[in-house]
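Trainee: Need a 3D model of the following:
(chains A and B)
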Amino acid sequence: MYIRLIVWTILLGIGMLLTGCNGSRESEEVAYIVAIGIDKAEQEGMIKVSYQIARPNVEGSKGKSDEDIILLTNTAVTIAESLNLLNSTTSLVPSMSHIKVLIVGEELAHKGMADMWGSLKRFREYRGSMFVLVARGTARGFLEENKPIFNISISKYYETMLSSGIETGYYLRTSFHQFYIRLKSHSAQPYITLVGISPKLGEGRITTKSVPGGKIDGYIAGDIPIQGGNPVEFAGTAIFSGDKMVGTLSTTETRMLAMLLGEYSHGFLTVVDPLVSKSFVNVILRLGSKPDIKVVLTEGHPVITVKIMLEGEISNLPSGINYEEDSFLALLEAQVNKVCQQEMVNMIRYTQEVGSDVAGFGYYIRPLFTNYQEFLAYDWFEQYKQAEVNVTINTKIRRTGLMIRTYPVK
Amino acid sequence: MKELHIGKLGIADGIALVFVIVMPRVFLSTISNLLEQDAQILWLSMVIYSAIPLGAVLMMIYVHNRVEGNIFMVCQQLIGKIGAWLVVLTYIVMFISNSALILRLYAEYTLQTALPRVEFQLAIVWYAVSAGIICYLGIEALTRTSSIVMPFSIGGLVIVLLLLMPFYIGYNLTPWQGNGIMQAVHTGIRGAGYNVGVLSLILLTPAFQNTRTIKKAAFYVISYTAILRICFILVYILVFGVAVGAEKTMPLFELARLVYLNQYIQRIEALFIIVWVMIGLLAIAGSLYIGLYLIAVLLKLPALRPIVPLGVIIVANLAMMPPDIGYTLQVDQHLIVLFDIGIYAFPAILFAMTLWKKRRKRLCTSV
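Mentor: Predicted coordinates for the structure are as follows:
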């Protein structure tokens, strides 16, 4: 009888003591860091860490986004020490559990951050689902200049901006998890979304010239010819070999990478009109199926065969030639094949030159090995540089948009 | 012994009891350590790892069908009093240390995940007291609670594994032989001891309706846990690969943390911490109960409840002994030797003795 009473009293006591959350803090007492930027500092062995902190009372409301955030930067030896220093400069307790993006300055990305990634993965407040960006110039500069023009909170801005990359394939979002997996993988190398600041002069700088038959040049972030709006651009991809950034892919190259990764949702492609070289044709492309990639070893030498199936829809036909008809349609399909094939081959060759298998061809070679040690001993990344690559693009224009024939303009 | 509820436990109770004792290791670092050893072929180790305990249970059922009584009485009849003491004492050490180890690991991981600012001793005491209360309420309460928790935990686990589908990389499972078939066989044979919890069905034989109940429960629970473990391992490798997978301290927590479908379906690990904690509590309580029950049997105590607080204090103190988490994980890896004795040596000896006695009896009768 008494023992039951005692047990119930204990249980009730424990229950009462455990109500609420441990170490609870009101949201006004916490500095919710939305973005964290890391740059190389002037002093040797030091880093500059910038924190974009959301004002708790306005985050989620539709205020002016540049007024909703605070940007603080400090210089420290490590990110952990930087957090200590941050605590000394704000009355709020910093919390990293809501970080949306981690931005790395270009210089630091080139130098390598092997010693930093591990600590980000180990500490519980950093999540694998946060996105990683490489900023041309500095991360601090990117955070400073980033002023979303629409009335959305800064965290929503990052989410929507990175989700909308699939609309064109011109940039790919990379979560910290994906980056880290590739960092430790022996089959693929990491890539990160490239961001930059545009001078907004309306003059761009082409990074990749269009291939024969193509009409589209490739840009990287910061070089897109724009005027007005938010100067921040998400375009292209930073590619890595190990923990070091070794190059960039332009928008058009990134689209090819997206196709190889099977992450190309859809996007416009403009090609030279096969019959009227001064004119152009627009098609909306999407992947018809997952890319068919095979890697075989011929006398120990890797041969990569890529087959991409694209489905398209004509979205603009200024020349007035009836590409809607079967006989002409084949010409258009061949033109798209030619352009995409050339762009893809160029992109792969470039990654071979810089030694960065961002397409992850190394995954496809794994089944050829009987055990893991054998695969590791093969040293795929070295072999990739000399791999033979065959690309076949098969485009099928399925639809002709809202028009079934075109009459030329008189 | 009143608290044992003699003959009351059925198949569902048996399944639930073993499930909560053996499953927590999937949530702890054991999988990461095994992944480092075997790489992609870890699933094969799991098949072996699960099949061997089933053999041990079948051997023990054979023994119990021919020799009546609790484990001590059975051992006494087959290998003498000293042998019986040795066997039962070993099982006591095994279950008490398993309870202490899981307690320590759960306390550590609670501090690392949900409650980083809580005092370590408080976490230990909280788990130990809660486990003690469950033990005090008896085996029936423990198994029934486990039966309720089990479907939710299985459901939760399956949901997490499915939600991670966008992160699957099929080629992570290749080269399919991982670090070699022989290595997997070796790990499977050596790691079978981690399933020693299955023997709780045998050690608590009097509590079950009959040996057929035990046999069915063992068969079902080993199948369920094996399937779950294998699915878990495959998804874990699909998502993290071998290199990163072997780095993780808490595989399930890391998987749950990774779920990101969109802006609205993410950060769901908090829900799983609850399931994880409940399973952990029941695992500590289950192992502790069996340890205490064996003490009561060995010392011929009329009741188990009075020694529950003592058991809780012992387990809590044992759990606090390792100076750090690294040492605790080392102890866990060394403890497998003891668990292997429990799963291989004793059932084999008792089975052999039963066969020998049966043969001798037949020979005597024929003369």
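Trainee: residue contacts, B:Ile102?
Mentor: Going by C-beta atoms under 8 Å, 6 or more residues apart in numbering or on different chains, B:Ile102 touches B:24, B:28, B:280, B:283-284, B:287. From N, CA and C alone the C-beta is placed, and that goes for glycine too.
Trainee: Any regions of the chain where pLDDT drops low?
Mentor: Using chain A here. Along chain A, segments meeting pLDDT under 70 span A:1, A:18-24, A:56-67, A:151.
Trainee: The chain in question should be chain B.
Mentor: B:1-5, B:365-367.
Trainee: interface residues of it facing chain A?
Mentor: Those residues of chain B that sit near chain A, judged by C-beta under 8 Å from any C-beta of the partner chain, are B:39-40, B:112-113, B:115-118, B:126, B:129, B:133, B:136, B:167, B:169, B:171-172, B:174-180, B:240-244, B:247, B:254, B:257-258, B:260, B:263, B:266-267.
Trainee: hmm, which of these are the buried ones?
Mentor: Taking 16 or more other C-beta atoms under 10 Å in any protein chain shown as the criterion, what is buried in the residues of chain B next to chain A is B:39-40, B:113, B:115, B:126, B:129, B:133, B:136, B:167, B:169, B:171-172, B:174-180, B:240-244, B:247, B:254, B:257-258, B:260.
Trainee: just so I have it, where are all the helices in the stretch 301-410 of chain A?
Mentor: In the stretch 301-410 of chain A, the segments counted as helices under DSSP state H, counting those that start in this stretch are A:326-354, A:361-365, A:372-378, A:380-384.
Trainee: need these in CSV with distance to A:Val49, can you?
Mentor: CSV is the format used below for the helices of the stretch 301-410 of chain A (distance: least, C-beta to C-beta, whole Å):
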stretch, distance to A:Val49
helix A:326-354, 28
helix A:361-365, 33
helix A:372-378, 35
helix A:380-384, 31
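Trainee: got JSON lines for those helices, with distance to chain B and mean neighbour count too?
Mentor: JSON lines is the format used below for the helices of the stretch 301-410 of chain A (distance: least, C-beta to the nearest C-beta, whole Å; neighbours: other C-beta atoms under 10 Å in any protein chain shown):
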{"stretch": "helix A:326-354", "distance to chain B": "18", "mean neighbour count": "19"}
{"stretch": "helix A:361-365", "distance to chain B": "4", "mean neighbour count": "23"}
{"stretch": "helix A:372-378", "distance to chain B": "4", "mean neighbour count": "17"}
{"stretch": "helix A:380-384", "distance to chain B": "12", "mean neighbour count": "19"}
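Trainee: Skipping adjacent residues, who's closest to the residue in the stretch 251-367 of chain B that chain A sits nearest to in space?
Mentor: Residue of the stretch 251-367 of chain B nearest chain A, by C-beta to the nearest C-beta: B:Tyr260 (4.0 Å). Nearest residue to B:Tyr260, sequence neighbours excluded (C-beta to C-beta, 6 or more residues apart in numbering or on different chains): A:Ser129, at 4.0 Å.
Trainee: quick one, phi/psi of the one you found?
Mentor: phi -80, psi 0 (degrees, to the nearest 10).
Trainee: Could you count how many residues lie near it?
Mentor: 17 (other C-beta atoms under 10 Å in any protein chain shown).
Trainee: Got the phi and psi for the closest residue to B:Gln266 other than its chain neighbours?
Mentor: With sequence-adjacent residues excluded and distances taken as C-beta to C-beta, 6+ apart, B:Gln266 is closest to B:Tyr260, at 4.5 Å. With angles defined as degrees, to the nearest 10, B:Tyr260 sits at phi -150, psi 90.
Trainee: residue contacts, B:Tyr260?
Mentor: A:129, A:175, B:266.
Trainee: Let me have those residues in JSON lines, extended by distance to A:Glu203.
Mentor: Shown next, in JSON lines, are the contacts of B:Tyr260 (distance: C-beta to C-beta, whole Å):
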{"residue": "A:Ser129", "distance to A:Glu203": "37"}
{"residue": "A:Ser175", "distance to A:Glu203": "34"}
{"residue": "B:Gln266", "distance to A:Glu203": "40"}
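Trainee: State the next helix or strand along the chain beyond the helix or strand where B:Val88 lies.
Mentor: Using DSSP states H and E, the element containing B:Val88 is helix B:71-113. For helix B:71-113, the following helix or strand on the C-terminal side (DSSP H and E) is helix B:120-137.
Trainee: Now do that following helix and helix B:71-113, the angle between them.
Mentor: Note on geometry: by axes from the mean of the first three to the mean of the last three C-alpha atoms, to 10 degrees, helix B:120-137 and helix B:71-113 are set 140 degrees apart in direction.
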